[in-house]
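Undergrad: here are the coordinates; sequence isn't available:
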């Protein structure tokens, strides 16, 4: 099984849980790796964090510039004009990381899928379609791009979904988070939503909330 390159870090030896965390457009796995110590997870919670690097592709909305991206973005109305085929392909690539964690002895109910911005759209697609129950889905400053085509898995109908968004986000407007909440609620999911007075970023208050949510999800 060939995997994308990734950064791995463990809070303690012999991890019993895993978090697979996807970065945004133009970044790489290094973007969120420094957050791990800031989460201040308790000593009894041994977690393996995996930060995959997206492949490098030309991005249409950025004038065809080549950069790390999970899929192409075709126009600024990013919730509609995206490369859905590329998004699904990236989801399949990240699924390999989930499957490898199972092979390593981590139960699926101890695996969290997290994603920021473009990575969040991939995280949505993967977690909602995965055929074994997962611990949770963390969607940050992102949107549910494949709500009309994802094959919703019965195994994750009760998955804890935490949605975070900046109220002043100029890149992914908060309305897209609200649309995701409406779509998920209509499908019977019960997402939790938190907003923060920030732009397209992560703030200290949010990091504290992520820590609390992860500890609850991985109980």
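TA: Perfect, I can see it now. Since the structure is predicted, the reported quantities are computational estimates derived from the model, not experimental observations.
Undergrad: tally of neighbours for the closest residue to residue 101 other than its chain neighbours?
TA: In space, and not counting its chain neighbours, residue 101 is closest to residue 18: 4.6 Å by Cβ to Cβ, 6 or more residues apart in numbering. The C-beta positions use only the backbone N, C-alpha and C, and glycine is treated the same way. Residues lying near residue 18 (other Cβ atoms under 10 Å) number 27.
Undergrad: where's residue 67, which helix or strand?
TA: strand 65-68 (DSSP states H and E).
Undergrad: what's next to that strand, contact-wise?
TA: 23, 25-28, 53-59 (Cβ atoms under 8 Å, 6 or more residues apart in numbering).
Undergrad: Of these, which belong to strands?
TA: Taking DSSP state E as the definition of strands, the contacts of strand 65-68 contribute 56-59.
Undergrad: so which of the residues you listed is the most crowded?
TA: Counting neighbours by other Cβ under 10 Å, residue 59 leads the ones in strands among the contacts of strand 65-68 with 21 neighbours.
Undergrad: Next up, the contacts around it.
TA: Shown in contact with residue 59 (Cβ under 8 Å, 6+ apart): 25-26, 65-67, 69, 72-73.
Undergrad: any idea which of those residues is closest to residue 211?
TA: Checking those against residue 211 with Cβ to Cβ, the nearest one is residue 25 at 25.4 Å.
Undergrad: I figured the closest one hits residue 73, correct?
TA: Yes - using Cβ atoms under 8 Å, residue 25 is in contact with residue 73, at 7.1 Å.
Undergrad: shared neighbours, these two?
TA: Residues touching both residue 25 and residue 73 (Cβ under 8 Å, 6+ apart): 59, 118.
Undergrad: How about the contacts made by the residue nearest the centre of the chain?
TA: Among the residues of the chain, the one closest to the centroid is residue 115, at 2.0 Å (Cα atoms, centre = their mean). By Cβ under 8 Å, 6+ apart, the residues touching residue 115 are 21-22, 121-124, 138-140, 142.
Undergrad: can we see that at 6 Å?
TA: Residue 115 makes contact with 22, 122-123, according to Cβ atoms under 6 Å, 6 or more residues apart in numbering.
Undergrad: go on, residue 57?
TA: residue 69.
Undergrad: quick revisit: can you list the strands that the strand holding residue 67 pairs with?
TA: strand 56-59 (antiparallel) (DSSP bridges).
Undergrad: TSV for the ones in strands among the contacts of strand 65-68, including pLDDT?
TA: TSV is the format used below for these (pLDDT from 0 to 100):
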residue	pLDDT
56	97
57	97
58	96
59	94
